[in-house]
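Colleague: Could you look at this predicted model? Sequence included:
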Amino acid sequence: MATDNKVKDAARKFALKNAMDYGKANQGAVLNKVIFAFPEVKSNMKEAALTVKEVVDQVNKLPTAKLEKEFAAFAKEFEDADKEKAEQAKPKLDIEGAEKGKVVTRAPPEPGGYIQIGNAKQAILSDEVSRMYDGKIYLYFDDTNPEKCKQEFVDGIKKDFSWLGITFAKEYYASDHITEVYDAGRKMLAQGDAYVCMCSDDDVKAGREKKTECKHRSQQAQQNLSLFEDMLAGKYGEGQVIVRLKGDMKSDNATFRDPTLFRIKKDEHYRQGKKYIVWPTYHINTMVLDSLYGVTDVIRGKEYEIWTDVNKKLIASLGLKEPRFHYEARLRIRGNTTAKRIIRNLLKDGVITSWDDPRLVTVIALRRRGIMSDAIREFVLRAGFSKTDALVPMDMLLASNRKIIDPIAKHLFFVSDPVELRVSGAEGIHARLRLHPTADYGSREYLTDGKFYISKEDADALKVGDIVRLKDLMEARITDKSHGVVSAEKAIGGSGKIIQWVPAGDKVECSVLVPGDLLLDDEAYNPDSMKIWNGRVEGYAKQLEEHDIVQFERVGYCILDDKMKNQFIFISK
RNA sequence: GCUCUGAUCGUCUAGUCCGGUCAAGGACACGGCCCUCUCAAGGCCGUAACUCGGGUUCAAAUCCCGAUCAGAGCACCA
């Protein structure tokens, strides 16, 4: 058979490669490659296996030199294949059934706090999906809890998203659509898919636990409808009455046991004032509004997955368009938190003073801390869609960030815990230092007066008689270390440790805030989460603008946080 | 407790739908070398994983069954 020889040749080729890679060819591995190349051998696996075994045995008997020589003929071919393999990576964002130009996603923040990296992940994923399909993304403020929502957060969230590079085609508020949701409620009441329940909070809870229906559940539609109008008219107070979905009180899924659709809240709303006292809850809101605005793909946390039964019932009962739901694991950062509840408590306790405290992973804090928005995007995209619970170390974000800031950060010398260094013979030297080793940002210049500052750490490591290299300036020989000052004389040549220095005649006193893990492993506040380095930086720092990112050589990347106070924040090494 | 969901290098993931190109690819971290008047960046190399137990098959990370572990939900929050 002609096939026979073809198979034999291919088998030999694969066996050679296999032997080169692993020292010895393996029958199973070679057979698999042969099957892939010639699927027709599947009809007679026994014969194919035999052929391969024969070839593999022969190849394994080959002396190394012969093996290498024979393999050389195919080396190029495999090189290309290996390269291709190395390139396939990146998580995919494809959506089954999605069509170009027909995708609408949305970011649904609740303006009850600033958004954090977890919200950013969902929004970026949504943005990326809509771009991929030439679709649109909307900004939807889910603001139906008058207790929590504030204009401050609306403004902050908009700023944060725009900084993240997301452009929304539309922006709308749940609280502007309350009447539409009321109509949806009326429809459900009229159809007998919902009812007005006057049980107490505790009774509702007990009923759910015991899986028993309450007497209100069997009220007539007419009565429910008029009770609902009474609610709207303000005849009831908070906690007296709610509208519940008629799910299934016997369901194993606890969320389906008649969840609340509307409740009474008399707090003043930041946007609607005292216009409404009956407020819809999350599920009916989003279902109605997503349908109204034609959202096709809802990307949200998997904590909502258990509400699928409720969503389905709502959609069926109201005749809504059903979007595709995509559930995502929560993104958690090791040593930190995305929970608004915890952040609010920390704020209340006064251990942190603002939503942009550099230890936080809110978007506003990350920005202040010198994380670039592209780094966040890359970081998020690298994880892709995933339902696996991930506890990611901050290092990953910082690594993405470092690659972006490295080419733009000017280099400066900073010394912490400064120690004076006097060098005789080092007066009147013109020092000229490049601002970046490769990029052309020009240079900084100083005229020396023989006095410098070096860091305590470097000073401690020096011994009398040592030669030390002041980077880009000169060598010095240490002559004395008593009296808290290091004395030295200018030296020519000799090699020693290279250290950074600050000219005493042109320096800026500054501090560097070093954020660490905010929380301990047990989620308690870490009292050591913020360190401060005090030191001196070269006079060139006076020319920096607030939010400029620099690299303090041998220390790390820092961002100028407050120009008045000469305060920097440490970004990463 | 009940219900749902998930499980691949130390970490985050690709591959799983449709079994064979996977003795498992990438990134971060780690280690080594090169470059360098920074402990950075860049280049090269290396260490390292299919949760466990059964089954089906010529062939299982992939399909089936069971166990284990982890996360989420059980609000008049979202």
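Modeller: Thanks, I have it. Residues are numbered from 1 along each chain as shown, chains lettered A, B, ... in the order given.

Colleague: count of neighbours near A:R263?
Modeller: 20 (other Cβ atoms under 10 Å). Bear in mind the C-beta positions are built from the backbone N, C-alpha and C, glycine included.

Colleague: Now it. Nearest residue, chain neighbours left out?
Modeller: A:I242 (4.9 Å; Cβ to Cβ, 6 or more residues apart in numbering).

Colleague: surely the one you found meets A:P259?
Modeller: No: in this structure, A:I242 is not within contact of A:P259 by Cβ atoms under 8 Å, at 9.8 Å.

Colleague: Between these two, which is the more surrounded one?
Modeller: Higher neighbour count among A:I242 and A:P259: A:I242, with 24 against 21, using other Cβ under 10 Å.

Colleague: Mean pLDDT per element in chain A, and the minimum belongs to which helix or strand?
Modeller: helix A:75-87 (a mean of 71; mean pLDDT, DSSP states H and E).

Colleague: Report pLDDT for the residue lying closest to A:F168 once chain neighbours are set aside.
Modeller: Leaving aside its chain neighbours, A:F168 sits nearest to A:L139 (4.1 Å; criterion: Cβ to Cβ, 6+ apart). At A:L139, the model reports a pLDDT of 97.

Colleague: what do you get for A:I315?
Modeller: pLDDT, A:I315: 94.

Colleague: Domain map for chain A?
Modeller: Split into domains by automatic domain parsing, chain A comes to A:2-87, A:98-330, A:332-405, A:410-572.

Colleague: Can I get those in JSON lines including distance to RNA strand B?
Modeller: Output for these, formatted as JSON lines (distance: least, Cβ to the nearest atom of the strand, whole Å):
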{"stretch": "domain A:2-87", "distance to RNA strand B": "3"}
{"stretch": "domain A:98-330", "distance to RNA strand B": "3"}
{"stretch": "domain A:332-405", "distance to RNA strand B": "3"}
{"stretch": "domain A:410-572", "distance to RNA strand B": "4"}
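
Colleague: Could you identify which of those domains has the lowest mean pLDDT?
Modeller: Out of the domains of chain A, domain A:2-87 stands lowest, with a mean of 83 (criterion: mean pLDDT).

Colleague: gap between the nearest residue to A:G97 once chain neighbours are set aside and A:V30?
Modeller: Leaving aside its chain neighbours, A:G97 sits nearest to A:R324 (7.1 Å; criterion: Cβ to Cβ, 6+ apart). As defined by Cβ to Cβ, to the nearest Å, A:R324 lies at a distance of 43 Å from A:V30.

Colleague: How about A:L227?
Modeller: Separation of A:L227 from A:V30 (Cβ to Cβ): 76 Å.

Colleague: Break down the stretch 301-450 of chain A into its strands, ranges please.
Modeller: Using DSSP state E, counting those that start in this stretch, the strands of the stretch 301-450 of chain A run over residues A:324-328, A:331-333, A:390-392, A:410-412, A:414-416, A:418-434, A:443-455.

Colleague: so which of these gets nearest A:G112?
Modeller: Nearest to A:G112 among those is strand A:331-333; the distance by Cβ to Cβ comes to 19.0 Å.

Colleague: Direction included, what does that closest one pair up with?
Modeller: Applying DSSP bridges to the sheet, strand A:331-333 is found paired with strand A:390-392 (parallel).

Colleague: Do I have it right that A:Y114 meets A:F153?
Modeller: Yes: between A:Y114 and A:F153 a contact is recorded at 6.5 Å, counting by Cβ under 8 Å.

Colleague: what residues do these two have in common as contacts?
Modeller: Counting by Cβ atoms under 8 Å, 6 or more residues apart in numbering, A:Y114 and A:F153 have no contacts in common.

Colleague: rewinding a little: who has more neighbours out of A:R324 and A:V30?
Modeller: A:V30 (25 against 15).

Colleague: Can you show me the strands along the stretch 451-573 of chain A?
Modeller: Under DSSP E, counting those that start in this stretch, the stretch 451-573 of chain A gives strands at A:467-470, A:474-480, A:486-491, A:497-499, A:502-503, A:507-515, A:530-538, A:549-552, A:556-562, A:567-572.

Colleague: ugh, typo on my part, it should be the stretch 1-150 of chain A
Modeller: In the stretch 1-150 of chain A, the strands defined using DSSP E, counting those that start in this stretch lie at A:104-107, A:136-141.

Colleague: Just put these in TSV and tack on mean neighbour count.
Modeller: Shown next, in TSV, are the strands of the stretch 1-150 of chain A (neighbours: other Cβ atoms under 10 Å):
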stretch	mean neighbour count
strand A:104-107	26
strand A:136-141	22
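
Colleague: how about a markdown table for these, with distance to A:Y525 added?
Modeller: Shown next, in a markdown table, are the strands of the stretch 1-150 of chain A (distance: least, Cβ to Cβ, whole Å):
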| stretch | distance to A:Y525 |
| --- | --- |
| strand A:104-107 | 30 |
| strand A:136-141 | 31 |
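
Colleague: out of the ones you listed, nearest to A:V129?
Modeller: So among those, strand A:104-107 is nearest, using Cβ to Cβ, at 5.7 Å.

Colleague: Which strands and helices lie in contact with that closest one?
Modeller: helix A:117-132, strand A:136-141, helix A:282-293, strand A:297-301 (3 or more Cβ pairs under 8 Å, 6 or more residues apart in numbering; DSSP states H and E).
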